[in-house]
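# I would like the atomic coordinates for the input below:
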Amino acid sequence: MDFKKLFNFDYLFNPYPSADFFFAKPLLVFFSIILVLALATYFTLKKPPYQKLKKGLFRLFLSCSLTGFVLLFFRNQAIPYFSMRVWLILFFIIYDIWALFILFYLARKLPFEIRQYQKQLEKEKYLPKKS
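Next comes the predicted model:
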C-alpha cells in the first residue's frame, strides 16, 4: 500500500473509487465484531454505577458498526460521492475521538461514581426497610 495516496486530494475525494478494494472483508469482520460488542454491552453492565458507561459504549459500538456497514455498502455498490475514501477516514477519526471521551469517563469519573454508589449502599444497609 502506498501511504502517499492518503495525502493526495484527488485520491481521497475521487467520487468513483473502485468497488473491489482490499480492505472490504477485514472491515466487514471488524464492523461485525463491533456489532457483537454492542449487543454484549447492552446485555451486561447491569449495576447502577455502570449504566452511564453502558449507554455510552452501546451507542458508540452500535452507531460505529451500522455506519461502517452503510459505508461499506456504498463502496460495494460504487455509489458516487457516498463511496469516497475520505468518508471512511473521517469515520475512523470521529469514532476514535468519541472512544477517547468514553475512556476519559472510564478513567476519571467512573471510579468516583462507584465510590458514591458504594457509600449509598452502605447507608441504605442501616436504614429501615420499606414495608
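# so Leu28 touches Phe73, yeah?
No. With contacts counted by CB atoms under 8 Å, Leu28 stays clear of Phe73, the gap being 10.3 Å. In this view, the C-beta of every residue, glycine as well, is placed from N, C-alpha and C.
# hmm, Trp87 and Leu71 touching each other?
Yes. Using CB under 8 Å, Leu71 is in contact with Trp87, at 5.8 Å.
# element containing Phe61?
Secondary structure from DSSP states H and E places Phe61 in helix 51-77.
# so how far is that helix from its chain's centroid?
6 Å (CA atoms, centre = their mean, to the nearest Å).
# buried set for it?
Within helix 51-77, the residues that qualify as buried by neighbour count (16 or more other CB atoms under 10 Å) are 53-54, 56-58, 60-62, 64-65, 68-69, 71-72, 74-75.
# with respect to Ser32, which of those is nearest?
Ser65 (7.4 Å; CB to CB).
# who's in contact with that closest one?
31-32, 34-35, 38 (CB atoms under 8 Å, 6 or more residues apart in numbering).
# narrow those to those in helices?
31-32, 34-35, 38 (DSSP state H).
# let me see the ranges of the helices in the chain.
9-12, 24-43, 51-77, 85-104, 110-126.
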